[in-house]
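J.: When you get a sec, could you give me coordinates for this:
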Amino acid sequence: MQVNGCELYVQDTGRGVPIVFSHGLLWSARMYNAQIAALADRYRCVAYDHRGQGRSESPHGDILDGHGISIEQVYLDAVNLIEALKLAPCHFVGLSMGGFVGQRIAARRPDLLRSLVLLETAADPEPRHNVPKYRTLNKIARFGGLSFVAGQVMPIMFGDSFLKDPKRKKQRAECERQLKNNGRGIYKAVNGVIEREDFEPELGKIEVPTLIVHGEEDRAIVRERAERLHGGIRGSEFVLLPRGGHSSTMEEPELVNAELQRFLAAH
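T.: Below is the predicted model:
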């Protein structure tokens, strides 16, 4: 689907009130497979890959300061997609990077949303102590591909319950395969996330019903940052999952699905 001059991969499943799923950095719409399977009998589930990631293209004109795809651009893509498919008002589910997108839509285009679900995300800029490590990993990925750093990225993306469970060895291998499948151009999306601006000043504009879900084992975005996000959105609900890291939709789908079904049914 053409969105703002870029061919985006979009999957549209089910019938009913629309839910738009926006994925996290380094992943794709596939990270919501378990949620779509659980919800498509009652909702229209629209999941897409961000520009420069997954099965979407990465036009050369997407560069921010010559180095990255900005969160502002990805936000505009989501707005355009919702309008083009006539999905408004929709439920919007965003994890990590997808949560950065969802916050912006809720604050600036509330007419498009029925509710907002934010998973493993925050509103503040990338903490300074994380930036050097992420820049180094991204430089390696840019010139050699993610295969060289997947082993270092996995503990950032997943919690110990998932990483140490012998019964989930096959699933871990598949997740690592997906990470390694990212092309070298992924550095543009990574830089956009690293360079994102502070969104906390705009949180006060968000009035749509909001659920914030956070995995207890998340290393990429610690609990305190998620709680600060919760404090910045009036009337929001905060749920701490007893397990799960930075990719709870894949790590703990049953826990996530239960919270989604409960919240969506109420809104």
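J.: When you work out contacts or count neighbours from here on, use the C-alpha atoms and nothing else.
T.: Fine.
J.: Would you state the strands of the stretch 51-200 of the chain in chain order?
T.: Counting by DSSP state E, counting those that start in this stretch, the stretch 51-200 of the chain has strands at residues 90-95, 113-119.
J.: Mind putting those into TSV with mean neighbour count and distance to residue 82?
T.: Shown next, in TSV, are these (neighbours: other Cα atoms under 10 Å; distance: least, Cα to Cα, whole Å):
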stretch	mean neighbour count	distance to residue 82
strand 90-95	25	8
strand 113-119	25	9
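J.: Dump these into TSV; add distance to residue 236 and mean pLDDT as well.
T.: TSV is the format used below for the strands of the stretch 51-200 of the chain (distance: least, Cα to Cα, whole Å; pLDDT from 0 to 100):
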stretch	distance to residue 236	mean pLDDT
strand 90-95	14	99
strand 113-119	9	99
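J.: Who's the closest spatial neighbour of residue 75, skipping the chain neighbours?
T.: residue 101 (4.9 Å; Cα to Cα, 6 or more residues apart in numbering).
J.: whoops, I mixed them up, residue 76
T.: Among residues not flanking residue 76 along the chain, residue 4 sits closest, at 8.0 Å (Cα to Cα, 6+ apart).
J.: next one: residue 43
T.: Nearest non-adjacent residue to residue 43 (Cα to Cα, 6+ apart): residue 16, at 4.3 Å.
J.: likewise residue 13?
T.: Closest residue to residue 13 apart from its sequence neighbours, by Cα to Cα, 6+ apart: residue 45 at 5.1 Å.
J.: So the one you found belongs to a strand, correct?
T.: Yes. Counting by DSSP: H, G, I helix; E, B strand; the rest coil, residue 45 is found in a strand.
J.: So what pairs up with it in the strands?
T.: Using DSSP bridges, the bridge partners assigned to residue 45 are residue 13, residue 19.
J.: Tell me, how many residues neighbour it?
T.: Residue 45: 25 surrounding residues under other Cα atoms under 10 Å.
J.: any idea of the mean pLDDT in stretch 40-59?
T.: Here stretch 40-59 scores 94 as its mean pLDDT.
J.: Contacts for it, please.
T.: The contact list for stretch 40-59, computed with Cα atoms under 8 Å, 6 or more residues apart in numbering, reads 6-23, 26-29, 32, 36, 39, 69, 74, 182, 185-186, 188-189.
J.: Tell me which of the strands of the stretch 51-200 of the chain lies nearest to residue 144.
T.: Between residue 144 and the strands of the stretch 51-200 of the chain, the tightest spacing by Cα to Cα is seen for strand 90-95, at 26.8 Å.
J.: now the helices for the stretch 101-250 of the chain?
T.: Secondary structure of the stretch 101-250 of the chain (DSSP state H, counting those that start in this stretch): helices at 131-144, 150-157, 160-163, 169-180, 187-194, 223-232, 248-251.
J.: Of those helices, which is nearest residue 93?
T.: Comparison of the helices of the stretch 101-250 of the chain against residue 93 by Cα to Cα identifies helix 248-251 as nearest, at 10.8 Å.
J.: ok, back up a step: give me the buried entries from the contacts of stretch 40-59.
T.: The neighbour-count test (16 or more other Cα atoms under 10 Å) marks 6-10, 12-14, 17-23, 26-29, 32, 36, 39, 69, 74, 182, 185-186, 188-189 as buried among those.
J.: pretty sure residue 77 contacts residue 5?
T.: No. Checked against Cα atoms under 8 Å, the pair residue 77 and residue 5 is beyond contact range at 9.5 Å.
J.: Quick one: residues contacting residue 131.
T.: Residues counted as contacts of residue 131 (Cα under 8 Å, 6+ apart) are residue 194.
J.: Can you find the helix or strand of this structure with the lowest average pLDDT?
T.: Ranking every helix and strand in the chain by mean pLDDT, DSSP states H and E puts helix 131-144 at the bottom, with a mean of 83.
J.: Flag every buried residue along that helix.
T.: Quick answer for helix 131-144 (16+ other Cα under 10 Å): 134, 137, 138, 140, 141, 142.
J.: What separation do you get for residue 132 and residue 126?
T.: Distance, residue 132 to residue 126, by Cα to Cα, to the nearest Å: 11 Å.
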